[in-house]
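In: What shape does this take:
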Amino acid sequence: YQLFKKIVNIPSFQKRLQRIYKNLFSSKNVDVVLEEDAEKYFDRANKKVFIQDYVGALSDYTQAIRLNPQYDIAYNSRGLLKESIGDLEGALMDYTEAARLGQHSSAYSNRGNIKQLQGDLDGAILDYNKALQIDPQNAESYNHRGLVKEALGDFDGAILDYNEALRFNPQDANIYYNRGNTKQTKGDLDGAILDYTDAIRLNPKFSGAHNNRGLVKRDKGDLDGAIFDFTEAVRLNPQDSGFYNNRGDAKQATGDIDGAIIDFTEAIRLNPQYATAYMNRGNLKEQKKDLEGAILDYNEAVRLNPQDADIYYNRGNTKQIKGDLDGAILDYTNSIRLNPKFFGVYTNRGLAKQATGNLNGAIADYNEAIQLNPQDPMPYFNRGNAKKETGAFDGAILDYNEVIRLNPNAEAYNNRGHTKQLKSDLNGAIQDFTDAIRLNPQDVNAYLNRAGVQLKKRNLKEAKEDYKRFLELTKNFNDLHIQQTKQQILQLFPELAK
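Out: Prediction:
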């Protein structure tokens, strides 16, 4: 029926529309052709399109063209039919002939659609331009040209075209939807929500608009609103696996891990080839400490989409948690092979290499991560730790300096303090441990480290105060190392046992 609507909406066909409808249901047998002329075949083809006899319709359009090789409307209609059955090259040829013979805007617009599908975006733009030159009020041509401009990265030009399309057809929900997509891509999230809302107002059953509005709400931090929209999209189209996946993402962000796993599982049931849903569920299984289950999901995701760097990265993280450092390094390496600009992978591979004792390899990975993203403090911190392990204390301090510049935190001060202690800069170490405590008054390591330096400086009173605070903070700790440290402190200061 949609194809029939396209055919009867061809401008030069409008005058004959009433007669087609009048005869449509009165004909007892559409195979009866009363007169051997092109117009009768054309009429019969349209009727066959309506009853979805596409093979018969194609034959009749071809017969009409054989009888009248100048029949531009027949070429255009046959092109629509060929497009609907996937014969894009055949459709392109018919639209070209229709445009040559009749100079109809619909022929150029339809040919533009084919070129768009085939990836000839510049050619599509030229056809839409020609269609609009013939019919400056053709909302559909503006809409489609907007889609192509968006694909070419001309977002402002796309929005201008959507604006024109809406000026001529303000009741088309699809145009609001398309403009909303472009605004979302541009970062105009509020504008996108308004357009999706208008699309839903015009078509309350537009599941895609509910879904995309949910995506924007999620990006704006309105997780409850996003879940509401995804739920409505699911209600309207319960067979769309993507809607479940998106709702799972939002539930995960709210901390509803079990609910998110249920949604990802449903997405997988509906689409067993959905690699992203497997990866997302694997991430949550890792959070729930189900490391084996997580790896099984990542394995399936890799099988389905072996070119996705994120899947290897996530599986590598889980393997590293499990202690499978060689497996983790292999996954990180595959992730880097697929996406050499993925700076976070270099950092994590560096950690895995460092854990295996390959300090030079770790430092090389941290160097690469820093080169790709010099504003990320983590690779500086990790590189500082690796340099400290190699005895390159000055280089380690420089890295900790950079961490503190980018993100002042207790751990960086603590590690820099310890490095200064190793260099026998005891006053500098005390100052760093003091800054660590200032930033995190619950940092037990900072108290312990500062106490050790005070003891070296024979500042017994200050050392005793720090040990006392360490004992207070670790009163309920059951860690074996902490218990041993407490015993050593009490041997030095038995009075602290009270």
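In: Flag every buried residue along stretch 62-75.
Out: By neighbour count with 16 or more other CB atoms under 10 Å, stretch 62-75 contains the buried residues Gln63, Ala64, Ile65, Leu67, Asn68, Tyr71, Asp72, Ile73, Ala74, Tyr75. Where you see a C-beta, it was placed from the backbone N, CA and C, and this is true even at glycine.
In: which of those sit farthest apart?
Out: Across these, the two members that end up farthest from each other (CB to CB) are Gln63 and Asp72, 16.0 Å apart.
In: Tell me the spacing between Tyr366 and Pro379.
Out: The gap separating Tyr366 from Pro379 is 4 Å, by CB to CB, to the nearest Å.
In: between those two, what contacts are shared?
Out: When contacts are counted by CB atoms under 8 Å, 6 or more residues apart in numbering, the set common to Tyr366 and Pro379 consists of Tyr346, Thr347, Gly350.
In: Including secondary structure, neighbour count and pLDDT, could those residues go into a markdown table?
Out: Formatted as a markdown table, the shared contacts of Tyr366 and Pro379 follow (DSSP: H, G, I helix; E, B strand; the rest coil; neighbours: other CB atoms under 10 Å; pLDDT from 0 to 100):
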| residue | secondary structure | neighbour count | pLDDT |
| --- | --- | --- | --- |
| Tyr346 | helix | 26 | 98 |
| Thr347 | helix | 24 | 98 |
| Gly350 | helix | 28 | 98 |
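In: from those, which is closest to Asp258?
Out: Closest to Asp258, out of all of the shared contacts of Tyr366 and Pro379 and judged by CB to CB, is Thr347, at 30.5 Å.
In: isn't the closest one right up against Arg383?
Out: No. Judged on CB atoms under 8 Å, Thr347 makes no contact with Arg383 at a distance of 9.4 Å.
In: shared neighbours, these two?
Out: Tyr366.
In: pLDDT of stretch 127-143, averaged?
Out: For stretch 127-143, mean pLDDT rounds to 95.
In: try stretch 65-76
Out: 93.
In: try stretch 413-424
Out: 97.
In: Quick one: residues contacting Phe393.
Out: Contacts of Phe393 by CB under 8 Å, 6+ apart are Lys387, Thr419, Leu422, Lys423.
In: right, I mislabeled it, should have said Tyr413
Out: Applying CB under 8 Å, 6+ apart to Tyr413 gives the contacts Tyr400, Ile404, Asp432, Phe433, Asp435, Ala436, Leu439, Ala446.
In: Turn those into CSV, columns for pLDDT and neighbour count.
Out: Output for the contacts of Tyr413, formatted as CSV (pLDDT from 0 to 100; neighbours: other CB atoms under 10 Å):
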residue, pLDDT, neighbour count
Tyr400, 98, 29
Ile404, 98, 18
Asp432, 98, 29
Phe433, 98, 30
Asp435, 98, 20
Ala436, 98, 25
Leu439, 97, 15
Ala446, 97, 28
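In: Next step: those residues restricted to helices.
Out: Residues from the contacts of Tyr413 lying in helices, with DSSP state H as the criterion: Tyr400, Ile404, Asp432, Phe433, Asp435, Ala436, Leu439, Ala446.
In: okay, now Thr185: neighbour count?
Out: 13 (other CB atoms under 10 Å).
In: What separation do you get for it and Arg213?
Out: 15 Å.
In: Count the neighbours of Asp258 for me.
Out: 9.
In: got a list of what it touches?
Out: Contacts of Asp258 by CB under 8 Å, 6+ apart: none found.
In: Got the confidence number for it?
Out: On the pLDDT scale, Asp258 is placed at 97.
In: thinking Asp466 is in contact with Asn445, fair?
Out: No. Judged on CB under 8 Å, Asp466 makes no contact with Asn445 at a distance of 11.2 Å.
In: Name the residue in those two with the higher neighbour count.
Out: The neighbour comparison of Asp466 against Asn445 (other CB under 10 Å) goes to Asp466, with 24 against 18.
In: which stretch of helix or strand covers that one?
Out: Assignment of secondary structure by DSSP states H and E places Asp466 within helix 460-473.
In: tell me the angle of the following helix or strand past that helix relative to helix 460-473?
Out: Following helix 460-473 in sequence order, the next helix or strand is helix 480-492 (DSSP H and E). If you take axes from the mean of the first three to the mean of the last three CA atoms, to 10 degrees, helix 480-492 sits at 140 degrees to helix 460-473.
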